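Trainee: whatever this is, show me its structure:
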Amino acid sequence: LPTANDPDEGLNSIQSYRLYGSNSDDFDVDYSTIEIPYLIVRSSLDRQRRATYSLTLIASDNGQQPGPRSGSIQLDIRIMNDSIPTFLQTVYTIDVREDVSIGTNLLRVEAISDENKPIFYELPTDSPFIIDRLTGNIQLKQFLDYERDKSYRLIVKAYETSVPVYAIVFIRVIDVNDNPVLIQINVQGNTTLEQTQTDRVIISIPEDTPIGNTLAHVILKDFDSIANGNPYLQLTTTQHPLPLIYKLIYQNSFQNLKFYSLILHTILDRETKASYNDIQLLAHDSGTPTLHTRLSIFLNITDVNDCTPQIMTNSTVYDVDENNPIGLIIDTLTAYDCDVGMNAEIGYRLLNTTDLLIVNSQTGQLSLNQSIHFDTFNQQKNRTSIDLVYYIQVFDHGQPSLSSERKLILRVHDLNDHTPQFDPYQSYNWTFSKSNLQSNAVLGRVIAHDDDSGLQGIVHYSIRSFDSCLTLDITSLGYVYILSQSSCSYLSYIFEITASDYGTPNPRSTKQLLTINIDPNPFLAQSLPRLLPLLMQRTHVDANSLGNVSFIIDITANQSIQPSMFLNNTDLSTCWSVSSTGEVRLIARPYALSYILSLNIVDEYTGETFSSKLQIDICNSSIENSCQQLLTSTSRKESQLLLFWAICLALIITCVCVFIFSIITCLCCRKSRNEKDESITQRSFSQSTDDFHSEKTFKTSSESTMRDNDRDSACIINTKISTGIVPIRTNSWYQNRRESSDIPIYQTKTCLYDLKLAELIRHNQNPPCVFLNPKPAQSISTDHGFGGSDVSPSLTSCSSTKFDYPNVNPLEWSIEMGVDQSPPRQLNKSCFISAKECVV
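Mentor: Residues are numbered from 1 along each chain as shown. Predicted structure coming up:
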């Protein structure tokens with residue numbers, strides 16, 4: 001019967017067939033093989049009873065909304081009286097592998113007849129098969145393909161004359177694993193796909209893709225049967241870690257179809273890794289042998305504007321002197337953006353609103369558009385530089401644009417370009433009465449201004465006198481006072497005041513002439529303030545000088561550059577006024593006879609501080625001799641104090657001198673005692689030698705020189721000679737003496753012994769052995785050296801031998817050495833040599 005088609009799958013596809021119509025019970029539908037339903041006769045047919053059947057074939061599925069399909073079947077019942085061949089089998093079923101060769105005999109159908117007539121076979125429909133007309137052998141005419149047709153239903157016609165019979169041949173194609181798995185990739189979202197080769201694709205994804213996003217779907221399809229199909233996926237790479245994972249999201253076993261998702265599971269950063277070029281998709285089937293398909297994926301990470309450009313300039317502070325030329329280039333900024341393309345194109349802009357500094361938006365070049373005048377920016381006098389703060393923004397051209405800011409400091413330095421200027425509104429022609437010209441009297445103050453800053457803007461003064469009759473001086477703050485004056489009859493004096501700054505290396509200065517006029521009219525006398533030194537601790541003030549400057553403290557005496565004075569006694573501020581320049585005024589009636597002002601001097605340039613206290617005694621000039629008596633009393637007390645300190649100093653000096661004299665006396669006495677002991681020791685030594693030899697005069701051989709005057713040498717009889725090598729020289733004078741002597745003496749030799757060496761030996765009982773220096777021909781009494789060792793009990797005599805020592809040149813010496821076995825004898829002569837001795 002015809003097969004119904006349903007595009008649905010699974011339970012939604014065709015599930016059953018049934019017949020509908022009059023007398024439909026005479027037939028049935030066999031749909032055990034769903035692919036091919038066929039009609040079965042259930043009851044005997046009788047044409048007289050019913051000659052035709054009109055039936056309807058209905059196909060149904062099992063979906064939630066069944067959609068049955070139907071088709072009409074018309075059956076005609078015939079009566080056949082002729083001999084009709086009969087097939088041995090009405091239905092044949094065979095399995096054929098799809099890779100069978102063309103021409104292969106697949107099946108032989110056979111029909112028989114009662115009459116002995118030939119039976120002919122035919123295949124009425126077109127198919128990949130042919131049948132032998134006489135034998136009924138069915139052969140393969142075309143290649144089979146399981147993926148194209150999985151089965152065939154052949155109708156075989158057999159006849160003798162005119163009435164044919166039919167048999168059905170069911171051919172089921174057996175699948176062979178001859179189809180590899182097909183891989184198809186469908187991208188999702190912002191992912192793009194580019195096919196470069198048959199086995200290579202390029203997948204481009206933005207670097208800001210979040211983890212867990214599905215990048216693409218991989219579809220695996222195998223046209224073989226389920227046994228040879230059932231594909232599965234593998235994901236491999238040689239560059240770990242793998243940024244992707246895959247997940248099965250759908251499969252259809254009937255169609256050998258599987259869907260996989262490629263999911264991102266690693267954070268991407270193009271600046272760290274721009275691509276993954278060795279990702280392999282491997283699709284395998286389940287056949288034997290297993291077939292696989294390989295697809296290479298090049299994962300390209302596209303740039304996202306996620307890098308903020310940064311200025312790479314090392315220094316952000318630029319030193320510029322004032323009065324710069326217009327257009328001065330101070331720097332060219334360099335910025336870096338780790339993005340690429342438009343995202344890395346950089347621009348610059350100045351965020352401040354100013355006409356002074358300009359920046360090139362493309363190159364980042366910084367230049368000055370104006371000449372800077374330091375005075376227009378500076379508000380503090382003690383500053384020599386000022387920082388102008390600017391903010392530079394660097395941005396890229398990405399979408400959206402990213403930017404960063406950098407603070408730049410333009411440090412403008414003050415130049416010493418201004419000269420001190422005296423106050424033009426101040427008079428420099430002063431007139432005083434002659435009675436006012438007293439020492440330390442302050443005549444006035446001159447003021448000069450310098451528009452520079454720092455040391456270059458601080459003014460100090462000097463004054464030059466043109467006449468010795470009146471000598472003036474000036475403080476650093478400009479107070480002009482009398483240094484000395486003599487009785488001259490001049491009515492006018494001219495002085496030159498120089499105002500200078502502290503600029504380096506070339507300070508600037510200005511000169512101004514000051515004229516001092518002397519008015520002989522005594523009625524013009526006025527009270528002038530006095531200049532007190534900073535270290536002054538006591539002074540007096542007239543109570544009637546209320547409101548006037550009583551005195552001026554020279555606060556520049558401690559080498560301050562820019563001093564300023566303050567009064568620490570806040571409780572006295574209602575009575576006393578102290579200006580920053582050192583002017584002290586009595587501003588209210590005093591309520592005490594004495595005040596102690598606590599003053600604080602601050603150098604506003606260096607920040608150094610200095611504290612001082614000043615006692616002020618109050619006198620009243622309206623009372624006769626009040627101020628003079630106070631001054632006299634103060635002078636007397638100062639004289640007494642000075643006398644006290646002078647006496648103390650004299651006493652200290654006297655004690656030191658006595659101590660030093662005592663030390664010198666002790667040292668001299670000790671030295672005299674030592675010299676006396678040495679003289680006694682020397683006389684005792686000489687006396688022992690004289691007693692031993694019974695002579696006052698020492699004689700030497702022809703090769704020696706005796707010092708008879710100072711008696712530095714002595715003749716020593718060595719009765720015990722050590723086993724060491726001892727150079728000996730023969731003394732003829734001693735030999736003669738020995739022959740005439742009755743004292744039993746063993747073989748001995750006479751040597752000259754230096755007094756200094758003898759003293760050394762007496763103080764050192766174990767002297768080291770020292771060999772003689774070469775050629776002692778001039779004088780034996782000189783210090784040639786000595787040798788020492790423990791005394792040997794053997795008495796020795798000398799024999800000739802040769803002296804040799806590795807550190808001294810070989811020399812010939814007359815040496816006798818022999819052992820005398822005679823018993824020891826005692827010497828009657830007294831000897832000053834100790835038991836341990838050195839022989840020269």
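
Trainee: which elements pack onto the helix or strand hosting residue 152?
Mentor: Taking DSSP states H and E as the definition, one finds residue 152 inside strand 151-159. Where contact means 3 or more CB pairs under 8 Å, 6 or more residues apart in numbering; DSSP states H and E, strand 151-159 is packed against strand 120-122, strand 129-131, strand 164-174. Where you see a C-beta, it was placed from the backbone N, CA and C, and this is true even at glycine.

Trainee: what mean pLDDT does the second one have?
Mentor: Averaging pLDDT along strand 129-131 gives 94.

Trainee: buried sites along the helix or strand just after that strand?
Mentor: For strand 129-131, the following helix or strand on the C-terminal side (DSSP H and E) is strand 137-140. For strand 137-140, burial by neighbour count (16 or more other CB atoms under 10 Å) applies to 138, 140.

Trainee: before we move on, back to that, ranking the helices and strands packed on strand 151-159 by mean pLDDT, which is last?
Mentor: strand 164-174 (a mean of 90).

Trainee: can you give me how far that one is from the chain middle?
Mentor: Put simply, strand 164-174 sits 89 Å off its chain's centre (CA atoms, centre = their mean, to the nearest Å).

Trainee: note down every partner strand of the strand holding residue 152 and its orientation.
Mentor: Looking at strand 151-159 with DSSP bridges, its partner strands are strand 120-122 (antiparallel), strand 164-174 (antiparallel).

Trainee: burial of the closest residue to residue 218 other than its chain neighbours, as a residue count?
Mentor: Distances taken as CB to CB, 6 or more residues apart in numbering put residue 260 closest to residue 218, at 4.3 Å, once the chain neighbours are dropped. By the criterion of other CB atoms under 10 Å, residue 260 has 24 neighbours.

Trainee: ditto for residue 597
Mentor: Around residue 597 there are 17 other residues, counting by other CB under 10 Å.

Trainee: tell me the contacts of it?
Mentor: 567, 569, 572, 576, 578, 584, 613-616 (CB atoms under 8 Å, 6 or more residues apart in numbering).

Trainee: so it bridges to which residues?
Mentor: residue 614.

Trainee: worst mean pLDDT across the helices and strands of this protein, which element?
Mentor: Within the chain, no helix or strand scores below strand 795-797, which has a mean of 34 by mean pLDDT, DSSP states H and E.

Trainee: ok, now which ones touch residue 670?
Mentor: Under the criterion of CB under 8 Å, 6+ apart, residue 670 has no neighbours.

Trainee: using the three-state scheme, assign it.
Mentor: Classification of residue 670 by DSSP: H, G, I helix; E, B strand; the rest coil places it in helix.

Trainee: likewise the one 4 residues further on?
Mentor: The three-state label given to residue 674 by three-state DSSP is helix.

Trainee: burial measure for residue 642, as a count.
Mentor: Residue 642: 9 neighbours (other CB under 10 Å).

Trainee: so it: helix, strand or coil?
Mentor: Once three-state DSSP is applied, residue 642 turns out helix.

Trainee: now the one 5 residues further on
Mentor: Counting by three-state DSSP, the backbone at residue 647 sits in helix.

Trainee: separation between it and residue 639?
Mentor: Plainly put, residue 647 is 13 Å away from residue 639 if you go by CB to CB, to the nearest Å.

Trainee: so which helix or strand takes in residue 57?
Mentor: Remark: residue 57 resides in strand 52-61, with elements defined by DSSP H and E.

Trainee: flag every buried residue along that strand.
Mentor: Across strand 52-61, burial judged by 16+ other CB under 10 Å covers 53, 55, 57-61.

Trainee: C-terminal to it, what's the next element?
Mentor: strand 69-76.

Trainee: now do that next one against strand 52-61, angle only.
Mentor: Counting by axes from the mean of the first three to the mean of the last three CA atoms, to 10 degrees, strand 69-76 lies at 160 degrees to strand 52-61.
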